[in-house]
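Enquirer: What would the 3D arrangement of this be:
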Amino acid sequence: MKLAFDVQYYETHAKSVCVCFDNWNDDLPTNIIVKEVQDIAPYVPGEFYKRELPCITTIVQEFDLNHITCIIVDGYVYLDDHKKLGLGGHLYEELDHKIPIIGVAKSSFHDNKKHVHEVYRGESTKPLYVTAVGIDLEEAKNHILSMHGNYRMPTLLQILDTTTKEK
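Expert: Model prediction:
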C-alpha cells in the first residue's frame, strides 16, 4: 500500500488527510483518512516540518508499517543541494528509514537543483518538483509520471488536495 499526505491549517487546529492506494496508476484511492489535529505548533520559517510532521504521524501510526511501500508528501525531501532535510526527509528519519518517501512540490527552491527532478505531466508547462529518499530519484520521478491523470497533478494527488481543502 502507498500513502499520500497533505495538511490544511486553521487558526487553532489542522486537518490531516491521507489518500491510500495500491498501484501507481490507480485512478481512485482505496481509502481516504481525515483527522483533526489539535495543539498544532506555530509556523516557524525554516522549520515547517515541526508543524506538519505531527499531523502526518498521527495517521501513519495507525498503519502496520510493514504494509506501506511508499509515502508521498506535499513538499520536499531535501530543501537544498546540501541535502538539508525538508518535511519528507524528517518523515523518513521519524520512520527509522523504513519507508521510501517521495516529495512532490508545486514550486521550486533556488538552491535545490542536485536532488530534484522537474516532472512535466500532460500538456502542462509548469513542472512538479520531485525529491526522494529511500528510493532512487529517477524511479520516484517515473512513479509520479506513471500516476493516473492527464494534467499536471496526478488524479490521486488532486483528490488529496481537494479533500484537504474541503471544510
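Enquirer: Need the pLDDT of the residue most central in space within the chain.
Expert: Nearest to the geometric centre of the chain sits Val73, at 0.9 Å (CA atoms, centre = their mean). Model confidence at Val73, expressed as pLDDT, equals 98.
Enquirer: Not counting whichever strand or helix holds it itself, show me its contacts.
Expert: Taking DSSP states H and E as the criterion, Val73 maps to strand 70-74. Identification of contacts with strand 70-74 by CB atoms under 8 Å, 6 or more residues apart in numbering yields 2-7, 56, 60, 87-88, 91, 95, 99-105, 135, 143, 157, 160-161. All C-beta atoms are positioned from the backbone trio N, CA, C, and that covers glycine.
Enquirer: cool, and stretch 157-167?
Expert: By CB under 8 Å, 6+ apart, stretch 157-167 touches 4-8, 15, 17, 19, 28-29, 32, 34, 72, 74, 104, 147, 149, 151, 153.
Enquirer: Which of the residues you listed fall in strands?
Expert: Mapping the contacts of stretch 157-167 onto strands (DSSP state E) picks out 4-8, 15, 17, 19, 32, 34, 72, 74, 104.
Enquirer: give the contact list for Pro29.
Expert: Counted by CB under 8 Å, 6+ apart, Pro29 has contacts 19-21, 156, 159.
Enquirer: Narrow those to those that are buried.
Expert: Neighbour counting by 16 or more other CB atoms under 10 Å classes 19-21, 156, 159 among these as buried.
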